[in-house]
Structures are given as C-alpha cells and as structure tokens.
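Participant: This is a predicted model, with the sequence first.
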Amino acid sequence: MRNTIVAIFTNYPSGKLIHFCCHDVLSGSNSNIWFPIFDENTLFQEIEKIMINCRVAHNVTHIEKIRRGDNENGYFEDYRITYNLAL
C-alpha cells in the first residue's frame, strides 16, 4: 500500500536537516524531530534510509520538490515523498 508525506529540507550554515510533517513516528511527540542529512546529493537515499529505519516505509518510490524558499542564511525545500508502507 502506498502513502505520501511532506517533508521540509533545510540547508543552512548550521547544517542540513529534514523534518517530516504530521506523522506520529517521523515528526516526534512534539513535532520537533529534525534528522541530519549528510549529503544533499544523496537526499533520496538518505530519506529512504530514515523511513526504513523508523519502520515506516518498505521503500521510497518517488520524491517531488513542491516548493523552495531562500533567505540570507540558506534555503529550504518542501518535498512530497511517496512510499510503500512497511508491513
């Protein structure tokens, strides 16, 4: 069964992070979990690894950039992630 989720990726001098929106496990109890991203060039693989390790996804099938914003310190991008649910 497939599902989608929106995630926010930030790229600032303090680090590259990703936050999954509105998910019981991936967002955290206070909606404040930000996972570190080590290599922006392998974003797909890093997102998939996080979702599999948290036992949310069997695999990720598609990532679509839906928005980008810039400011003086860096930028953010919103992604729609399509994945197969973990069984």
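Facilitator: Done, it's in.
Participant: contacts, neighbours, all on C-alpha from now
Facilitator: Fine.
Participant: now the helices: where do they sit in this structure?
Facilitator: Chain-ordered helices for the chain, with DSSP state H as the definition, fall at 43-53.
Participant: Longest strand in it, by number of residues?
Facilitator: When the chain is parsed with DSSP state E, its longest strand is strand 57-71.
Participant: Sheet partners, orientation included, of it?
Facilitator: strand 74-85 (antiparallel) (DSSP bridges).
Participant: now the partner strand: mean pLDDT?
Facilitator: Taken as a whole, strand 74-85 has a mean pLDDT of 97.
Participant: Residues contacting it, please?
Facilitator: The set of residues that contact strand 74-85 without belonging to it, under Cα atoms under 8 Å, 6 or more residues apart in numbering, is 1-13, 56-70.
Participant: Which members of those residues are classed as buried?
Facilitator: For these, burial is judged from neighbour counts taken by 16 or more other Cα atoms under 10 Å, and it is met by 6-11, 56-60, 63.
Participant: These: which two are farthest apart?
Facilitator: Looking at the buried ones among the contacts of strand 74-85 by Cα to Cα, the two members farthest from one another are 11 and 58, with 26.8 Å of separation.
Participant: How many neighbouring residues does residue 19 have?
Facilitator: Burial of residue 19, expressed as a neighbour count using other Cα atoms under 10 Å, amounts to 20.
Participant: Over to the one 4 residues further on?
Facilitator: Other residues near residue 23 number 13, with proximity taken as other Cα under 10 Å.
Participant: quick one, what contacts it?
Facilitator: If you count contacts by Cα under 8 Å, 6+ apart, then residue 23 has residue 5 around it.
Participant: do residue 37 as well
Facilitator: Contacts of residue 37 by Cα under 8 Å, 6+ apart are 15-18, 43, 46.
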